[in-house]
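1. here is a sequence with its predicted model. Questions after.
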Amino acid sequence: MNFELEVINADRSWDAIGTAEGRVASVELKARSGRVVSDWWISGLNSQNELVALVRCSFGLGPLKEQDAISRLPSIYEEILEKPLARLADLGGFLEAPNTGSTENKQALCLVHLDYHEKLGNIGQSVSIREDIARQFQLIKSFGYTTAQKLIAERTGLPRSTVDRRLFLARESGLLPKMSDSEDINK
């Protein structure tokens, strides 16, 4: 996984953002009592070709300085996370992730992951309009952010009515569940 360090995205600072094999990882490090704890959110395509948050994990990195911990992120991903992550993607990921924090945190997670998935070609001009809108919607919802249409409209500059129409077409195409098929149509 290739990491960019100290990334600022949507007025939020991340210790590292990594990309590999169609996946995006946002990593935050916290030094406490002489030890570093890492918090990872990893998103990507699951086995159903949905773009979702695949896993969140937090674990200690031992008695390191933050800079030393940052330099070890690529090997931590490759040696510890990569193989289980491939298996976890087969399980489907989160439809709505628990414990994503405040609305601001959810929005920041959505925006950084959307931006990097666009760079990877999982969304944006490299996929069809319906697939693009469906995947953006799936990713936003998987982080527990409730106003996906509004966020998509703000991020893309599209009118809300265009976003709503594209979501309707994505549902009609089978890329998203139809509203009547959803468990809770108010989400």
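-> Arrived safely, thanks for sending. Numbering: from 1, shown residues only.
2. give me the contacts around the longest helix seen in the chain.
-> Ordering each helix of the chain by length in residues (DSSP state H) puts helix 103-120 first. Outside of helix 103-120, the residues within contact range by CB atoms under 8 Å, 6 or more residues apart in numbering are 7, 9-12, 14, 17, 19, 22, 24, 26, 41, 43, 51, 53, 100, 123-124, 135-136, 139-140, 143-145, 151, 155. (Glycine included, C-beta is placed from N, CA and C.)
3. among these, name the ones in helices.
-> Per DSSP H, helices hold the following members of the contacts of helix 103-120: Arg135, Gln136, Leu139, Ile140, Leu151, Arg155.
4. count of neighbours near Arg35?
-> Per other CB atoms under 10 Å, the neighbour tally for Arg35 reads 13.
5. try Thr156
-> 18.
6. same check, this time on Ala25
-> For Ala25, the neighbour count with other CB under 10 Å is 25.
7. quick revisit: closest to Pro63 out of the ones in helices among the contacts of helix 103-120?
-> For the ones in helices among the contacts of helix 103-120, the residue nearest Pro63 by CB to CB is Leu139; the value is 35.5 Å.
8. now stretch 13-32 - C-alpha only, PDB.
-> C-alpha atoms of stretch 13-32 as PDB (Å, rounded to 0.1, in the frame of the first residue of the first chain):
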ATOM      1  CA  SER A  13      -5.900  16.200   9.000                       C
ATOM      2  CA  TRP A  14      -5.100  12.500   8.600                       C
ATOM      3  CA  ASP A  15      -1.800  11.000   9.600                       C
ATOM      4  CA  ALA A  16      -1.800   8.900   6.500                       C
ATOM      5  CA  ILE A  17      -4.000   7.900   3.500                       C
ATOM      6  CA  GLY A  18      -3.100   4.700   1.700                       C
ATOM      7  CA  THR A  19      -4.200   3.200  -1.600                       C
ATOM      8  CA  ALA A  20      -3.700  -0.200  -3.000                       C
ATOM      9  CA  GLU A  21      -5.600  -2.800  -5.100                       C
ATOM     10  CA  GLY A  22      -8.700  -0.500  -5.300                       C
ATOM     11  CA  ARG A  23      -8.800   0.100  -1.600                       C
ATOM     12  CA  VAL A  24      -8.400   3.300   0.500                       C
ATOM     13  CA  ALA A  25      -7.100   3.300   4.100                       C
ATOM     14  CA  SER A  26      -7.300   6.400   6.300                       C
ATOM     15  CA  VAL A  27      -5.100   6.100   9.400                       C
ATOM     16  CA  GLU A  28      -4.900   8.100  12.500                       C
ATOM     17  CA  LEU A  29      -2.200   7.700  15.200                       C
ATOM     18  CA  LYS A  30      -2.500   8.700  18.800                       C
ATOM     19  CA  ALA A  31       0.500   8.700  21.200                       C
ATOM     20  CA  ARG A  32      -0.600   7.900  24.800                       C
END
